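# using only what follows, build the 3D model:
(chains A and B)
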Amino acid sequence: MTVRIGVVLFPGSNRDIDAVNALEVAGAEPVVLWHDDASLDGVAGVLIPGGFAYGDYVRAGVIARFSPIMRAVSSFAADGGLVLGICNGFQVLTEAHLLPGALLRNRGLRFVSREIRIAAERLDTPFTDGLDDRRALRMPVAHGEGAFYADEATLDALEANGQVLFRYVNEEGARAGGEDDRANPNGSLRAIAGVMNATGNVAGLMPHPETAVEAVLGSDDGLGIIASFVASAAGRDGSGTARSLASAAAR
Amino acid sequence: MTMDVRFAVNVRPKDGILDPQGRAVEGSLGHLGIAGVSAVRVGRRVELTVAAADDDAARSVVERLASELLSNPLIESYEIEVLGAASSADSESSVGAGASA
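Here you go, the predicted structure:
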């Protein structure tokens, strides 16, 4: 059976169609989840796509945090469910305290929309275990507030715990430098492009693997990430199926 | 019986957090022919009216709003200012809220 993956739709989401397409390319059945509903409809994983949820007013992601769907996503994550946030979805997950750190305004102040490269730090996570190696992956970024920030002690702890999932790298695959290095598009500290929570079931990244899943889109380097997530969610679908059967029985 | 109290919440980037907006303002000073200005920090001021039983109850609502939504404690600090009893003219709800393009 095809694994069902939720795509959360907030007012202001704009990469939801790309997310739906990427999930289909990866062999999943996308299920669009409306922000005002408190149900995840028994999906086996949740993808929070990019955009400008609730206009990004006050701070990117913060108003989305208090939506009914995010309460459901929080309990899903607390039960070990797989959640992937991309771009604005990453911002939503940090504001919801499901992921560590914060995304600050790009250090160069500009909205950055161009191709970059990232590399996975680990190949043994639900989000990267389908990747063959740690080579540089080519995909776009498109954001104004993507500079990953945490205090030094938190950054040390993230590295020690293996919670740094992706870093920006240059064309040779070497880790990007600071804000003056073009390979680091937003001035993220320690060139961090994506992180995981301590239990390894919630992840977020600023670049867009979901818009780099077919050669016709310019790159298919992002497919490995989406496919890893889909396959991992399918592998865990026992609990998701149990949940959906239970909720169906309750209706 | 409730009373209306007007508050302001001033949100600022925490000390030590790089503030790109502040840096942009500093970068523009030359164009204005202004010298001697430094350490610019750009924050946000939110004004609101709270209907509550008393000052303490009103303030606790503002505290919660300020810490959970208006500021991110990782990167920002906030101060609450009491502006006094609200008059009806202050209670228009649509003034300037987030109106930027």
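# and the pLDDT at the residue in the stretch 51-200 of chain A that chain B sits nearest to?
The nearest approach of the stretch 51-200 of chain A to chain B comes at A:Tyr57, 4.1 Å away (C-beta to the nearest C-beta). To be clear about C-beta, it is placed using only N, CA and C from the backbone, and glycine gets the same treatment. Residue-level confidence at A:Tyr57 comes out at 87, pLDDT.
# what is the burial count for B:Val5?
22 (other C-beta atoms under 10 Å in any protein chain shown).
# in which helix or strand would I find the residue lying closest to it once chain neighbours are set aside?
For B:Val5, ignoring the flanking residues on the chain, the nearest one in space by C-beta to C-beta, 6 or more residues apart in numbering or on different chains is B:Ala58 at 4.4 Å. Element membership of B:Ala58 [criterion: DSSP states H and E] is helix B:55-65.
# which strands or helices does that helix pack on?
Counting contacts by 3 or more C-beta pairs under 8 Å, 6 or more residues apart in numbering or on different chains; DSSP states H and E, helix B:55-65 packs against strand B:3-13, strand B:44-52, strand B:76-85.
# which of these sits most buried?
Of all the helices and strands packed on helix B:55-65, strand B:3-13 has the most neighbours on average by mean count of other C-beta atoms under 10 Å in any protein chain shown, namely a mean of 18.
# how distant is the following helix or strand past that strand from the center of its chain?
Sequence order places helix B:20-32 as the next helix or strand after strand B:3-13, per DSSP H and E. With C-alpha atoms, centre = their mean, to the nearest Å as the basis, helix B:20-32 stands 21 Å off its chain's centre.
# what's the answer for stretch B:41-51, then?
Offset of stretch B:41-51 from its chain centre (C-alpha atoms, centre = their mean): 3 Å.
# now stretch A:20-39
The chain centroid and the centroid of stretch A:20-39 are separated by 14 Å under C-alpha atoms, centre = their mean.
# restrict it to CA atoms and write it as PDB.
Extracted C-alpha coordinates of stretch A:20-39, given in PDB (Å, rounded to 0.1, in the frame of the first residue of the first chain):
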ATOM      1  CA  VAL A  20       3.000  17.200  -3.200                       C
ATOM      2  CA  ASN A  21       4.900  16.600  -6.500                       C
ATOM      3  CA  ALA A  22       8.100  15.500  -4.700                       C
ATOM      4  CA  LEU A  23       6.100  13.100  -2.600                       C
ATOM      5  CA  GLU A  24       4.500  11.600  -5.700                       C
ATOM      6  CA  VAL A  25       7.800  11.300  -7.400                       C
ATOM      7  CA  ALA A  26       9.100   9.500  -4.300                       C
ATOM      8  CA  GLY A  27       6.100   7.100  -4.500                       C
ATOM      9  CA  ALA A  28       4.000   8.400  -1.600                       C
ATOM     10  CA  GLU A  29       0.400   9.500  -1.500                       C
ATOM     11  CA  PRO A  30       0.300  13.200  -0.400                       C
ATOM     12  CA  VAL A  31      -2.500  14.200   1.900                       C
ATOM     13  CA  VAL A  32      -3.100  18.000   2.200                       C
ATOM     14  CA  LEU A  33      -3.800  18.900   5.800                       C
ATOM     15  CA  TRP A  34      -5.500  22.200   6.400                       C
ATOM     16  CA  HIS A  35      -4.100  24.500   9.200                       C
ATOM     17  CA  ASP A  36      -7.400  24.900  10.900                       C
ATOM     18  CA  ASP A  37      -8.100  21.200  11.300                       C
ATOM     19  CA  ALA A  38      -6.700  19.400  14.400                       C
ATOM     20  CA  SER A  39      -6.500  16.000  12.700                       C
END
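# show residues contacting that stretch.
A:2-11, A:16, A:19, A:40-41, A:43, A:46-47, A:53, A:64, A:67-72, A:209-211, A:213-214, A:222-223, A:226-227, A:229-230, A:233-234, A:247 (C-beta atoms under 8 Å, 6 or more residues apart in numbering or on different chains).
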